[in-house]
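Undergrad: pasted the sequence and its predicted model underneath.
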Amino acid sequence: MNTFIVGIAVGFVLFGIMASVIIFSRMQLEIARLAKETDNMNKALQMMFLKINKIEKVTQTTMDAAESFVDGLRVSAEQIQQQMMRPPRNGKIHPDSFDDLRKSFEEGIKNIEDGMDELDEDSDEPQEPWK
């Protein structure tokens, strides 16, 4: 009878050990899967942060260019208004009256291009084929 009880006890212990090994291996697989998913989510969040950062830089550059464009228009309008107050020479508007406006446009375009070049240099992403 003692042998039978010892056999049953050993059987329960072995069954418990096998069950715990199976449960622990499944837990390990699930933890590994969760770690992989967490890593993928971390990479996705980093990419989103880079995209949002690039959008913010482009927005700031656009706003700066718009401000310089409006300032150039204001200065040019003031100069044109001053020239309109003076009588034109020989009945014609001086040809240099629009040079300041042209220069401000060129400077604004150059600032935009420089800003976009800086954004492209800062980016860790590959260039889009359409740029």
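TA: Done, it's in.
Undergrad: what's the helix or strand for Ala35?
TA: helix 2-85 (DSSP states H and E).
Undergrad: quick check: mean pLDDT of that helix?
TA: For helix 2-85, the mean pLDDT works out to 90.
Undergrad: list the helices and strands it packs on?
TA: helix 99-122 (3 or more CB pairs under 8 Å, 6 or more residues apart in numbering; DSSP states H and E). C-betas here are computed from N, CA, C, even on glycine.
Undergrad: point to the residue nearest the middle of this structure.
TA: Lys51 (2.0 Å; CA atoms, centre = their mean).
Undergrad: and that residue, how far from Met41?
TA: The gap separating Lys51 from Met41 is 15 Å, by CB to CB, to the nearest Å.
Undergrad: likewise for Gly72?
TA: Distance from Gly72 to Met41, by CB to CB: 46 Å.
Undergrad: how about Lys103?
TA: For Lys103, the distance to Met41 - CB to CB - is 50 Å.
Undergrad: likewise Phe49?
TA: Taken as CB to CB, the span from Phe49 to Met41 is 13 Å.
Undergrad: now Ser68
TA: 41 Å.
Undergrad: more neighbours, these two?
TA: Higher neighbour count among Ser68 and Met41: Ser68, with 16 against 10, using other CB atoms under 10 Å.
Undergrad: which residues touch the closest residue to the more buried one other than its chain neighbours?
TA: Spatial nearest neighbour of Ser68, excluding adjacent residues (CB to CB, 6 or more residues apart in numbering): Gly108 at 5.1 Å. By CB atoms under 8 Å, 6 or more residues apart in numbering, the contact list for Gly108 reads 65, 68-69, 72.
Undergrad: do that again at 10 Å, thanks
TA: The contact partners of Gly108, by CB atoms under 10 Å, 6 or more residues apart in numbering, come to 64-73.
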